[in-house]
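Student: need the 3D shape of this:
(one chain, ligands or ions: 1)
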Amino acid sequence: MKKTISRIAIMLGISCFLYSCYYDKADILYNHGGAVCDTVSTISYSTNVRPILEQQCYSCHSGSRPSGNIPMGTHIADKALATNGQLYGTINHASGYSPMPEGEAKMDDCSIAKIKKWVDAGSPNN
Ligand code: HEC
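Tutor: Residues are numbered from 1 along each chain as shown. As a prediction, this is how the structure comes out:
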């Protein structure tokens, strides 16, 4: 009887361990809706980052009078914000930065994770 109980305990222990590993991985690959969030592959400015910024930032931050006098929309301009910390600070609603996009909900976690990865990689023009 004692042996059976300890076997069950070990099995439970192992399955809890496997279960938590499964969820660790799931955190990387999925976001809330269950949609796949791939931050493992290389993040490209033109195919991953730019479309997000285009949708959520350029409407205010481009043209002859960009909001806050912060121009965006070219790789050079976007990289400058990435390098000085303003891009990640504003989208992540970090203290000391104005939360962006202004007047809107925080960007989804997957978009923030992709942009962060691009910033950390040195914001290449890829
Ligand atoms: C609806 C218009 C609007 C949108 C959309 C918008 N911004 Fe802004 N942004 C502003 C205004 C207005 C300011 C200047 C006032 C302020 O700082 O809050 C500003 C300021 C900023 C600043 C300088 C302030 C700081 O704390 O560094 C940055 C950087 C910035 N925006 C980045 C972004 C990014 C990145 C996005 C897209 C995720 C975005 N903005 C979307 C209107 C907008």
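Student: for the chain, which residues are neighbours of the ligand?
Tutor: Selection of the chain residues close to the ligand by CB under 6 Å from any ligand atom yields 56-57, 59-61, 67-68, 70, 81, 86-87, 90-91, 97-98, 100-103. Glycine gets a C-beta too; all of them are placed from N, C-alpha and C.
Student: buried subset of the residues you listed, written for ChimeraX?
Tutor: Those of the residues of the chain next to the ligand that count as buried under 16 or more other CB atoms under 10 Å are selected in ChimeraX with:
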select :56,57,60,61,67,70,81,86,87,90,91,100,101
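Student: could you give the separation between the terminal residues of stretch 42-53?
Tutor: 18 Å (CA to CA, to the nearest Å).
Student: what comes up buried for that stretch?
Tutor: Under 16+ other CB under 10 Å, the buried positions of stretch 42-53 are Ile43, Tyr45, Asn48, Val49, Arg50, Ile52, Leu53.
Student: show me which of the residues you listed is closest to the ligand.
Tutor: Leu53 (6.0 Å; CB to the nearest ligand atom).
Student: elements contacting the helix or strand containing the closest one?
Tutor: If you go by DSSP states H and E, Leu53 is part of helix 50-56. Where contact means 3 or more CB pairs under 8 Å, 6 or more residues apart in numbering; DSSP states H and E, helix 50-56 is packed against helix 109-120.
Student: for the most centrally placed residue in the chain, which non-adjacent residue is spatially closest?
Tutor: What sits nearest the mean C-alpha location of the chain, by CA atoms, centre = their mean, is Ala113, with 1.3 Å. Closest residue in space to Ala113, ignoring its immediate chain neighbours: Thr39 at 4.8 Å, by CB to CB, 6 or more residues apart in numbering.
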